[in-house]
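> could you work out the structure for the sequence below:
(chains A, B and C)
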Amino acid sequence: MRAAARLTARPPIFWALALLCALFIAFLYGPIATIVILSFQGPEGGLVFPMNGLSLHWFAELFRPQSIGDIWGSFDRSALLGLAVMVFTVVLSFLAGLAFRRRFRGASLLLYLAIASLVMPSIVVSLGIGALFELLGIDRHWYSSALGAHLTWTLPFGLLIMFAVFNRFNPAYEEAARDQGASGWQTIRHVIVPIVLPSLVGVALFGFTLSYDEIARTSQSVGAANTLPLELEAMQTNATTPVIYALGTATTGLSLVVIGTCLAGVLWVRRRRARHGSDAGKAV
Amino acid sequence: MSRLAKAVPYLQALPLSAVFVVFFAVPMVLVVVVSFFDYETYQLLIPGFTLENYREVFSESVTYRTYWITIEFCAITWAITVTLGFLIAYFLAFQVRGATWRTVLLLICSIPFWTSMVIRMIAWIPLLGRNGLVNQLLIVTHLAQRPQEWLLYSPFSVILGYVHLYTLTTIVPIFNSMMRIDRSLIEAAVDAGAGTWQVMRTVILPLSKTGIAIGSIFVIAMVMGDFVSVDVLGGGQVASVGKQIATQLSYLQFPPAAANAMVLLVAVIVMIALLMRAVDIRKEL
Amino acid sequence: MQTRQVTRRRVLIGAAATGLAIGTGLRVARAADPVTLRIAGTGVNQFKELADKAKQDLGFTIQYTSLVSDDVVKRAVTQASSFDLLDAEYWMLKKIVPSGNLRGIDTKKIKYYDQIVPIFTQGKLPDGKPVAMEGISPIKVAYLTAEKSKEFAKSPSQWMTVIPTIYNADTLGIRPDLIQEPISSWAQLLDPKFKGKAAILDIPSIGIMDAAMASEATGKVKYKDKGNMTTAEIDQTIAVMTEAKKAGQFRAFWKDFNESVNLMASGEVVIQSMWSPAVTKVRQMGIACKYQPLKEGYRGWASGIGVPVNLDGKMLDAAYEFINWYLSGWTGAFLNRQGYYTPVLETAKKFMSADEWDYWMEGKPAKGDILSPTGEKIESAGAVRDGGSFNERMGHVSVWNTVMDEDRYMVRKWNEFIAA
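Numbers count the residues shown, from 1 in each chain, chains lettered A, B, ... in the order given. Coordinates of the predicted model:
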């Protein structure tokens, strides 16, 4: 009954925008659709149409060691690096975002440094970091120099998104907390963080995605062991294998399953609450 | 106490600043220094001070042509991504109800990017190519008699690729900006008799301009420096400033590449500074 | 509100953890080893099978750093400490050696030195004919004046820059099912009949050679030395190519093996400069593809393995041991089956069947199925290698991949060509 009322309440613009959104998502998944279809290539098939048979061959291959390229070793590194970058990006951007809400000397300089880091062609940054470490005689690793290189890429995004998040952020919340006797830390922990939490999740997502997919900044700063995108890129110098499509299909499928499960979980919890008459779920 | 309170923002900004100083500013000093070095084919760096590399950048007609092409791509991409980003962010912020669905939709938009760029880039050929999915579909539905070749390896495909990559980066900041808009303002406007479009134009658009500006910064920065997408989707035949630098670097011509990169940096920073003059993204922090 | 968020977070974390566990749980852990050699190079000869065999024979762990070719040169010049062995193309040596990052390899310690194909040690073919000298013919950059030297020796010395690993003669690949007339000249790359269906390499040092071969064959440009053009010759070559580009001759320029395979297999391109294993790969998919010999000859290239200057002690010994093992036959046979040539033919022959040897090296029809190094069938009985025998193919190399004295000018012109 409530749902029906909601449906009728939708203005036409909702449907127009929903259509636009659906088309956009379809567009985003265009290349993914080809990847999924072609990952079922026959054993003799390639990375383009025509299909040469139909099989699960490449999914089986995915879990065998490859002749060229170490997919799983680099996958581990990329996943861990992505998670580390994610954490650093969220924490550092959040803190810096707080700093920018007050005035401090050098704020403009820091902002332009961040923007410059975004603008500078990535290969140049990468070479600079690689060369610097070489000059200083420090070994490069994915968890040191490449982590730094990734942060020069994700932090400008994180910081600027924090600007959008704190834009017209009502200081009354903090003042109220302070009036109640909360310390600075408590104010952040119990007032600010809960309010901006959804946005922080967004920043985290951004940080992970940007890092997991990074190539140019990593290329000269990573040392001897490659991240996944670099390994995949290097595989192209001697291999044409739908295994990479199988990887894409598996990644996408797994992500969708995980998100679907979470969504189902949340909806289930919510419905159970509703039945028990809790007031939870009405907020936000 | 007040001394401590004054120190707080510095402490909060310290970790981020440290990362930028160590991993960006210091390496870039190297680049600046190298941009004034001389070089020869078989001697890559000749320490010294010469303005030759910069002179070369500014005196070559190819520089201006390449910048013109890149700026054109940038402008078109910007117009499309910001419009699309605004509408979708509006949909997410004001039409979709509940944080759960918003999060789910944002996640769904992110998933394609968890398949490596390397793989996605390859997939454009079977999607847009002569015998690709789109062309097959066009022919089956009799929308076209023969394969449409402009779908791939053309300025069209380059822009399509950019829109694919960068729209999400405009959605996120605009969406966050919109979430800060006080709903009572909208109700007031509606009570005063404003229609949906009018509300969007007179209330939401001006109040989300910080997000739009931030999204614009992302798109401008990424398109101006791009050399990967333009290469793959332009079939190696479309020029860009980033590609020019990449070509010089692959030939180990470090000094001119460094000079070129510095010029690009300054050019884009100027563009962004002008943008920030119009919209001060720090004003209402 | 509080509890609800906690529950949701728990659900999310649980799901994410499951996802990661599925992803990471499927790998095999590797044991640590006293000697690990880090080899940086392109993926072209970085086969896992090779690393496994080295581990078995030598006890060394081989850790590959696979890079795209652009990144190989950059690493070599700026970060010599990030690898223990470098696999680079010969033309790159012109850039790498002056940086002083390579250490001369003592030929006295190379067991099979005397058996290395004389292309690399004397500038001659095994049958005594001279090798083409246009471009960076390997012999021009094969030796250093001393172990730690930044200069090439004019004649063979005790110190080699790199020990050759693979080399080949490149030509045009075509789709015989989509091209009616016979192809016999590089000039046909620019034939308007193939408008929108031709491709060349996007690596300037190689692409410009394709362009030069084609321009010369059409008679539009004359060269003294294609491998080291004058500025006027560069201008003329770029002019020819720009005209073709503006007329829409090229579908795409490709950068890596996989792109060239995809362009050909999808029918985007019907005629393009290609690598031998790429042609094999297209054919393996059941699509007709020919590695067409042309009357103007082949464009040659070669790669070799070098030692960074700061490697010493146990690691240096290990590097020599690895190189000697590399030349001892098993690897040679493996890479020959990939369609490349390897430096010590006698040792490789011992690891190949007579039929394999005759097919790959002698240009004779296969008697049985021909298998790839990883065991997939690539040709049936009766097949003959395109271009024929080793001597026929390597003997007709007319120019090598190159770095020109005027390369600053060339790269500028190349950028203009791309922007045109």
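> residues of the lengthiest helix in chain B that come out buried?
Looking across chain B with DSSP state H, the single longest helix is helix B:61-90. For helix B:61-90, burial by neighbour count (16 or more other C-beta atoms under 10 Å in any protein chain shown) applies to B:62-63, B:66-67, B:69-71, B:73-74, B:76-78, B:80-82, B:84-90. C-betas here are computed from N, CA, C, even on glycine.
> which strands or helices does it pack on?
Here helix B:61-90 touches helix A:12-28, helix B:155-179, helix B:209-225, helix B:241-250, helix C:407-419, going by 3 or more C-beta pairs under 8 Å, 6 or more residues apart in numbering or on different chains; DSSP states H and E.
> now the angle from the shortest one to helix B:61-90?
Taking axes from the mean of the first three to the mean of the last three C-alpha atoms, to 10 degrees, one finds that helix B:241-250 is oriented at 130 degrees with respect to helix B:61-90.
> now swap in the longest one and tell me
If you take the same axes, to 10 degrees, helix B:155-179 sits at 40 degrees to helix B:61-90.
> residue 48: what's it in contact with?
Picking chain A for this. Going by C-beta atoms under 8 Å, 6 or more residues apart in numbering or on different chains, residue A:48 touches A:38, B:125-126, B:129, B:131, C:262, C:265-266.
> right idea, wrong chain: chain C
With contact taken as C-beta under 8 Å, 6+ apart, residue C:48 is in contact with A:65-68, A:70.
> right, and residue A:207 touches residue A:156 too?
No. Between residue A:207 and residue A:156 there is no contact under C-beta atoms under 8 Å: 11.1 Å.
> show me which of those two is the more surrounded one.
Set residue A:207 next to residue A:156 and count neighbours by other C-beta atoms under 10 Å in any protein chain shown: residue A:207 wins out with 29 against 26.
> can you pull the pLDDT of the more buried one?
Listed pLDDT for residue A:207 reads 93.
> equivalent analysis for residue C:1, please.
What the model reports for residue C:1 is a pLDDT of 38.
> for chain C, see how far away residue A:139 is.
7 Å (C-beta to the nearest C-beta, to the nearest Å).
> how many neighbouring residues does residue 275 have?
Here I'm looking at chain A. A count of nearby residues for residue A:275, using other C-beta under 10 Å, gives 8.
> oops, I was thinking of chain B
Other residues near residue B:275 come to 16 when the count uses other C-beta under 10 Å.
> go ahead and confirm it touches residue B:218.
No. If you go by C-beta under 8 Å, residue B:275 and residue B:218 don't touch, sitting 11.5 Å apart.
> which parts of the helix or strand harbouring residue B:32 are buried?
Assigned by DSSP states H and E, residue B:32 belongs to helix B:26-35. Residues of helix B:26-35 classed as buried by neighbour count (16+ other C-beta under 10 Å): B:27-28, B:30-31, B:34-35.
> same thing with stretch C:328-339?
Neighbour count says stretch C:328-339 has C:328-339 buried, by 16+ other C-beta under 10 Å.
> now swap in stretch B:139-156 and tell me
B:147-149, B:151-155.
> returning to what we had before: residue B:282 is nearest to which of the helices and strands packed on helix B:61-90?
Closest of the helices and strands packed on helix B:61-90 to residue B:282 is helix B:209-225, at 8.9 Å (criterion: C-beta to C-beta).
> please name every helix or strand in contact with that closest one.
helix A:107-119, helix A:145-166, helix B:61-90, helix B:155-179, helix B:241-250, helix B:254-278.
> correct me, but residue C:113 touches residue C:107?
Yes. Shown here, residue C:113 and residue C:107 form a contact pair, counting by C-beta under 8 Å, at 4.7 Å.
> still on that earlier bit, can you say which of the contacts of residue C:48 are buried?
Counted by 16+ other C-beta under 10 Å, the contacts of residue C:48 give A:66-68, A:70 as buried.
> mind checking pLDDT for whatever residue of chain A ends up closest to chain C?
Closest approach between chain A and chain C, counting by C-beta to the nearest C-beta: residue A:234, at 3.1 Å. Looking at residue A:234, its pLDDT is 87.
> next, it: phi, psi?
phi -70, psi -30 (degrees, to the nearest 10).
> pretty sure it contacts residue C:67?
Yes. Counting by C-beta under 8 Å, residue A:234 touches residue C:67, with 5.6 Å between them.
> which residues does the residue of chain B found nearest chain A contact?
Chain A sits closest to residue B:27 of chain B, with a gap of 2.9 Å, by C-beta to the nearest C-beta. Residues near residue B:27 by C-beta under 8 Å, 6+ apart: A:125, A:128-129, A:131-132.
> surely residue A:125 meets residue A:151?
No. Assessed by C-beta under 8 Å, residue A:125 is found out of contact with residue A:151, at 11.0 Å.
> ok, and the closest non-adjacent residue to residue C:316?
Counting by C-beta to C-beta, 6 or more residues apart in numbering or on different chains, residue C:316 lies nearest to residue C:307, which is 7.0 Å off, once chain neighbours are set aside.
> given whatever helix or strand comes next after the helix holding residue B:32, what are its sheet partners and their directions?
Downstream of helix B:26-35, the next assigned helix or strand under DSSP H and E is strand B:38-40. When pairing is defined by DSSP bridges, strand B:38-40 lines up against strand B:43-46 (antiparallel).
> how far does the strand it pairs with sit from its chain's centre?
Distance of strand B:43-46 from the chain centroid (C-alpha atoms, centre = their mean, to the nearest Å) equals 33 Å.
> also stretch A:271-278?
Distance, stretch centre to chain centre, for stretch A:271-278: 33 Å (C-alpha atoms, centre = their mean).
> can you list the buried residues in that stretch?
Using 16+ other C-beta under 10 Å as the test for burial, stretch A:271-278 gives residue A:273.
> before we move on, what about stretch C:157-167?
Across stretch C:157-167, burial judged by 16+ other C-beta under 10 Å covers C:157-167.
> is that stretch anywhere near chain B?
No. Applying C-beta under 8 Å from any C-beta of the partner chain, one finds stretch C:157-167 separated from chain B by no less than 13.7 Å.
> follow-up on the earlier one: which SSE is immediately downstream of the longest helix of chain B?
Following helix B:61-90 in sequence order, the next helix or strand is helix B:99-110 (DSSP H and E).
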